[in-house]
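K.L.:
Dropping a prediction and its sequence here:
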Amino acid sequence: MNPLNHVAIIMDGNGRWGLKYKNSRNAGHKAGLNTVEKIIKETIKNKIKYLTLFAFSTENWKRPKKEINYLFTLLENFLTNRINDLHKQNIKLKILGSKKFSPKLNKLLYFSEKKTSKNDKLQINLAINYGSKSELIDAFKKIKKNQSTITEKNLSKNLQTKNIPDPDILIRTGNTKRLSNFLLWQIAYAEIFFEKKLWPAFSEKDYNKIIKEYQNIKRNFGKI
Ligand code: IPE
Ligand code: IPE
Ligand code: MG
């Protein structure tokens, strides 16, 4: 059975789900938050140490202002209401991506990270305003500035994911087979699962099915 330390998820399909069932994309984002809660619980049950959730990409700024505002209000409310409970559950929150939001949200993000920084049951990496290409460029710039050599180890150490093991599993819901600028370096050897269901419809059962399938994969890492 393969060890499982890290699951990364591209939570796609909220908009389509919302339009289909509630005639509103934003309603889909709201429903998607329930799936987030369910998957966090199930991740703990499965004793997985790292869960990375892609919530907003550097490209998502191209969306209508109204939708962007709604998403960040959702996030703000979620953190305000839930951070104490996450902390009590010994969950550590880490933000991936650059924190260039409203002063209020920036503050809340820093506060949430600091408050939970010593926790060690589960680390949730929330990728917001995250793009893998800009993360890589920043890493190369840092290496250049420090006049150190470009090696795999050095590059990994200069990414925002330093100290986080690479994902074992990458899941993308929403019936689309692409990576959309997510963790391009880190998923070099991840087992990838493209899931047809839209994120709000993704269940614990679907999640556990993927985990089970993963456990039986022969992971070669180049060997035979
Ligand atoms: C993913 O769902 C969530 C975000 C990108 C914020 P989408 O909003 O992309 O949903 P679809 O793909 O349009 O259905
Ligand atoms: C990827 O979904 C980003 C997140 C889930 C946050 P998108 O819906 O933005 O991806 P594209 O634009 O369809 O590739
Ligand atoms: Mg989408």
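P.N.:
That came through fine. Ligands and ions are numbered 1, 2, ... in the order given.

K.L.:
mind checking which helix or strand the residue nearest to the spatial centre of the chain is in?
P.N.:
The structure's the chain has its C-alpha centroid closest to residue 53; by CA atoms, centre = their mean the separation is 1.7 Å. Counting by DSSP states H and E, the element that carries residue 53 is strand 50-57.

K.L.:
that older thread, give me the beta-bridge partners of the residue nearest to the centre of the chain?
P.N.:
residue 9, residue 126 (DSSP bridges).

K.L.:
ok, back up a step: so does the strand holding residue 53 get close to ligand 2?
P.N.:
Yes - residues of strand 50-57 contacting ligand 2 under CB under 6 Å from any ligand atom: 54, 55, 56, 57. Yep, even glycine has a C-beta here, placed from its N, CA and C like the rest.

K.L.:
List the residues that contact the first one.
P.N.:
By that I understand residue 54. 8, 9, 10, 11, 127, 130, 180, 182 (CB atoms under 8 Å, 6 or more residues apart in numbering).

K.L.:
looking at it, the first one is touching residue 172, isn't it?
P.N.:
No - the pair residue 8 and residue 172 fails to qualify as a contact (CB atoms under 8 Å) at a distance of 9.4 Å.

K.L.:
These two: which is more packed in?
P.N.:
Taking neighbours as other CB atoms under 10 Å, residue 8 and residue 172 compare with residue 8 leading, 26 against 23.

K.L.:
need the contact list for the more buried one.
P.N.:
By CB under 8 Å, 6+ apart, the residues touching residue 8 are 51-54, 167, 169-171, 182-183, 186-187, 190.

K.L.:
What count of nearby residues applies to residue 79?
P.N.:
Residue 79 has 17 nearby residues by other CB under 10 Å.

K.L.:
That one against residue 110, yeah?
P.N.:
No - Residue 79 lies out of contact with residue 110 (CB under 8 Å); the separation is 11.0 Å.

K.L.:
Name the residues contacting each of those two.
P.N.:
Joint contacts of residue 79 and residue 110 (CB under 8 Å, 6+ apart) do not exist.

K.L.:
Just to be sure, residue 38 is in a strand?
P.N.:
No - read with DSSP: H, G, I helix; E, B strand; the rest coil, residue 38 is helix and lies in no strand.

K.L.:
what's the neighbour count on it?
P.N.:
When neighbours are counted by other CB under 10 Å, residue 38 registers 14.

K.L.:
how about the strands of the protein, start to end?
P.N.:
Residue ranges of the strands in the chain, as given by DSSP state E, are 6-10, 50-57, 91-96, 122-130, 169-172, 191-194.

K.L.:
would you turn those strands into JSON lines with distance to ligand 1 and mean pLDDT?
P.N.:
Shown next, in JSON lines, are the strands of the chain (distance: least, CB to the nearest ligand atom, whole Å; pLDDT from 0 to 100):
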{"stretch": "strand 6-10", "distance to ligand 1": "8", "mean pLDDT": "99"}
{"stretch": "strand 50-57", "distance to ligand 1": "5", "mean pLDDT": "98"}
{"stretch": "strand 91-96", "distance to ligand 1": "15", "mean pLDDT": "98"}
{"stretch": "strand 122-130", "distance to ligand 1": "9", "mean pLDDT": "98"}
{"stretch": "strand 169-172", "distance to ligand 1": "10", "mean pLDDT": "99"}
{"stretch": "strand 191-194", "distance to ligand 1": "13", "mean pLDDT": "98"}
